[in-house]
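J.: my questions concern the predicted model and sequence given below.
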Amino acid sequence: MSQPVPRWIVIAICTLAPLSITCATANRGPGATVTHTTHTHGIAVDPSPRDSCQNIVVPPDVVLGAQPLLKTPVVAPRCLPAGAGVSRTLNLLQSSTPQRRHRVRILYYGQSITRDGFNAPNEWFRNVTKWLQEKYPNADIETQMLAVGGFDAKAMQGPSRMDLPAFYPDLILWQNYGQYPDMDETLTWWRTHTTAEIGIHNWHCGGSEKQLNSNKRIERMAYIYIPDLAGRFGAELIDLRTPWRKRRNERNTPQKQLTNDEVHLGPVGSQWYAEFNEDHLTYDPKVQVDPLNTVRTFVVGKDVEWNSKTLKLSFQGNRIEVLAQAASTSAAAMADVRIDGKRPSAFANAYVFSRPNADIDHDWPWQTSAPAAIDIATTPLLEDWTLTIHSIVYPKKRFNVACTFSVSGSLSHEDGNGSCEKDFVSKSGRVVIPSSAWTHLWDAKNVNSKKTLVVGDKFRWKVMPLHSDTYPTATKVTTDPTREHWTLLASGLPNGNHTLELTTTGSIQPRITEIRVYRPPLGR
């Protein structure tokens, strides 16, 4: 983990411009109801149907700032009730049985608050995972924590283009000290390319002040702008600020137990953070499941049939996968896979890059100084890539670092030279590195992890397939009949109408029981 840094640097990196962070004194609204108190500054908030669907009370005098509320995009035409934003994930958790343990993927995403490094190995996200495993013991829960300290919503857009397609989570729990338009842009990409449900945090209380200061940006973000994002994007608003404030005032908890440096979580604060997330992760049978209609499951033999050696399915979405019969032997039958008459490997976005020099034991990218974003411009090859640093100059004052580098692929071979100061596209077009991928280098050396790049340093990453041209992809026996064994056929497809065709290569049909289709709510 990275080392603690001075208070002014922490807050600057988190983009919390005021050094003291204030807390309001309002009470949590009942049930799924939101109450907007009367604004006294003459700025009216549009009383749309979505205005009453977030479980939060807006304190008096907290009004819009200079940034007007954005009108588009709108994922949820009308408000979703409390719990609906995570309903599909909770239904998978709740409906798991000892005989069928549903696979549930959860991504913890955001900045250093999410990483919670001061409290390792008892970080809040580990406690949430443990709580979920105890509450839903039959679910097959897979989690990843891929937060990047100091990366606001804008900076996280690069990593998310690698992280989200690769993991394709059912649920993202997201904390970010970003600007409202940048958070909107980030959510737009997520909602266009994934079906992940999103639990979006407003901001916990830091500092020592207990009274509302309505002029603070943090209050406007917590009570107006972030709830607006949750409403428009059909996300679950996880209100941390209100219960945090209420509990602290009731218990008079010492601030040093809640935060270490007025921002990052202390031991008690980490515990509260986990508990307030858990409040939103309890299944409620009264809540409609998947109100945005993002995921659909077809049962083979009921919703779709084999016709001799061929199975065809028309579907809408950007991802499709199949479920093997429990304890089946994948060597029993094989099938060729076609999407719209093409091999899934022919789709340019059915691939994703891994994080360069990613290491679970290091705080990426700070402790490696790796480029934070690498994109694909044309259909890649399944190969390994290497970037080699040829020169590097760190300025004395905080500014962009100058460097030059070359890239080469195990199949593409030498593929061009570039610099940190300009957007780079390799000669083959298979690697794109924006100049913004390097903007953290000065802080990595002088502030965060003290990592200094030198000539000859190398960064390595892989091209990972998000497709299968044949089913199954490998010969193996599924040893646990209670777990779901899904095989990805294609992901990263254009989010529209497609036709899947499976054709057996022998006389036996593959033992497929279900086909699941994922349709992101934007870009349909």
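T.: Perfect, thanks for sending it.
J.: residues in contact with stretch 490-497?
T.: Residues from elsewhere that reach stretch 490-497 (CB atoms under 8 Å, 6 or more residues apart in numbering): 165, 168, 192-193, 314-320, 337, 339, 344, 347-352, 466-468, 518-520, 522-524. In short, each C-beta sits where N, CA and C put it, glycine included.
J.: please spell out the ChimeraX selection for the buried subset of those residues.
T.: What follows is the ChimeraX syntax selecting those of these that are buried according to 16 or more other CB atoms under 10 Å:
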select :165,168,192,193,315,317,318,319,320,337,339,344,347,349,350,351,352,466,467,468,518,519,520,522
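J.: and the contacts of stretch 490-497, which of them are in helices?
T.: Those of the contacts of stretch 490-497 mapping onto helices are 165, 192-193, per DSSP state H.
J.: ok, residue 382 - contacts?
T.: 351, 411, 463, 465.
J.: next one: the second one from residue 405, what distance?
T.: Right, residue 411. Distance from residue 411 to residue 405, counting by CB to CB, to the nearest Å: 19 Å.
J.: now go through the contacts of residue 382 and say which are in strands.
T.: 351, 463, 465 (DSSP state E).
J.: now tabulate the residues you listed in CSV and tack on distance to residue 390 and pLDDT.
T.: Listed next are the ones in strands among the contacts of residue 382 as CSV, based on distance: CB to CB, whole Å; pLDDT from 0 to 100:
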residue, distance to residue 390, pLDDT
351, 27, 97
463, 23, 97
465, 31, 97
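J.: what about the helices in the protein?
T.: With DSSP H as the criterion, the chain has helices spanning 7-14, 87-95, 112-115, 124-135, 157-167, 180-193, 217-220, 226-232, 241-251, 255-258, 267-278, 441-446.
J.: what is the fourth one packed up against?
T.: In other words, helix 124-135. strand 103-109, strand 140-145, helix 267-278 (3 or more CB pairs under 8 Å, 6 or more residues apart in numbering; DSSP states H and E).
J.: tell me the most buried of those?
T.: strand 103-109 (a mean of 23; mean count of other CB atoms under 10 Å).
J.: hang on, the earlier thing: of all the helices of the chain, which lies closest to residue 392?
T.: Among those, helix 441-446 comes nearest to residue 392, with 8.2 Å by CB to CB.
J.: show me what that closest one is packed against.
T.: Partner elements for helix 441-446 (3+ CB pairs under 8 Å, 6+ apart): none found.
J.: who has more neighbours out of residue 411 and residue 405?
T.: Taking other CB atoms under 10 Å, residue 411 and residue 405 do not tie; residue 405 has more neighbours (23 against 14).
J.: could you verify my assumption that that one touches residue 419?
T.: Yes - Residue 405 lies in contact with residue 419 (CB atoms under 8 Å); the separation is 7.4 Å.
J.: show me where the stretch 201-350 of the chain has strands.
T.: 236-238, 295-299, 306-307, 310-324, 335-339 (DSSP state E, counting those that start in this stretch).
J.: and what of the stretch 401-524 of the chain?
T.: Going by DSSP E, counting those that start in this stretch, the stretch 401-524 of the chain shows strands at 402-409, 413-419, 424-425, 432-433, 458-465, 470-471, 486-504, 512-518.
J.: would a markdown table of those with distance to residue 109 be doable?
T.: Listed next are these as a markdown table, based on distance: least, CB to CB, whole Å:
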| stretch | distance to residue 109 |
| --- | --- |
| strand 402-409 | 28 |
| strand 413-419 | 29 |
| strand 424-425 | 26 |
| strand 432-433 | 22 |
| strand 458-465 | 19 |
| strand 470-471 | 31 |
| strand 486-504 | 19 |
| strand 512-518 | 18 |
